[in-house]
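Engineer: Quick one, fold the following:
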Amino acid sequence: MKKLLILLIAGVLFAVEAYQQQNISVPESLLQASDSKEKISADNRDLKRAYEAKQSNLQVQGSGVVVKVLRDDLKGSRHQKFILQVGPGLTVLIAHNIDLAPRIDGLKKGDAVEFNGEYEWNSRGGVIHWTHKDPRGYHVSGWLKHDARSYQ
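Structural biologist: Model prediction:
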């Protein structure tokens, strides 16, 4: 329950920040709570540093708010794709392999998502992938969490 509250607070803060900086419409239900901005900053600190340093191949963990759900990429390995607001002015593309992990059904704009995956830098904020278990066991396992459910 505590984790869910933290996620909700994180979602609210990111959504409000996104709305103020990018005119992204935020569902009214997300504007009901706010509290711990320090916790959110700490969650995504490594990600922010990696973006600023243009680093790639870095395992990161954090949270964000969905600002756009994209069409699934069905060419080659299939991926569910969506954009997360992870801090003021910083978004990342999540590329979640749905051949190796369950798809997050019902994902929508404004939803809070936690992640653990590999970060790849690009000028638009970067991509987080490897949000699943490696079937061969060579790569660090990643995951996504949405509505108290883990996707790995």
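Engineer: any idea which helix or strand carries the residue in the chain sticking out farthest from the centre?
Structural biologist: Distance from the C-alpha centroid of the chain, by CA atoms, centre = their mean, peaks at Arg136 (24.7 Å). Take DSSP states H and E as the rule and Arg136 turns out to sit in neither a helix nor a strand.
Engineer: how about it, what does it touch?
Structural biologist: Listed by CB atoms under 8 Å, 6 or more residues apart in numbering, Arg136 has no contact partners. The C-beta positions use only the backbone N, C-alpha and C, and glycine is treated the same way.
Engineer: List phi and psi for it.
Structural biologist: Phi and psi for Arg136, reported as degrees, to the nearest 10, are phi -90, psi -10.
Engineer: Tell me the confidence at it?
Structural biologist: You'll see Arg136 listed with a pLDDT of 90.
Engineer: Which single strand of the protein contains the most residues?
Structural biologist: strand 58-69 (DSSP state E).
Engineer: who does it pair up with?
Structural biologist: Sheet pairing of strand 58-69 (DSSP bridges) gives strand 79-87 (antiparallel), strand 112-120 (antiparallel).
Engineer: mind saving the C-alpha coords of the last one as CSV?
Structural biologist: Read that as strand 112-120. Output of strand 112-120 as CSV, limited to C-alpha atoms (Å, rounded to 0.1, in the frame of the first residue of the first chain):
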residue,chain,number,x,y,z
ALA,A,112,2.3,5.4,-13.2
VAL,A,113,4.9,2.8,-14.2
GLU,A,114,8.0,1.7,-12.4
PHE,A,115,10.9,0.2,-14.4
ASN,A,116,14.2,-1.6,-14.2
GLY,A,117,16.0,-2.0,-17.5
GLU,A,118,18.9,-1.0,-19.7
TYR,A,119,19.2,2.6,-20.7
GLU,A,120,20.4,3.7,-24.1
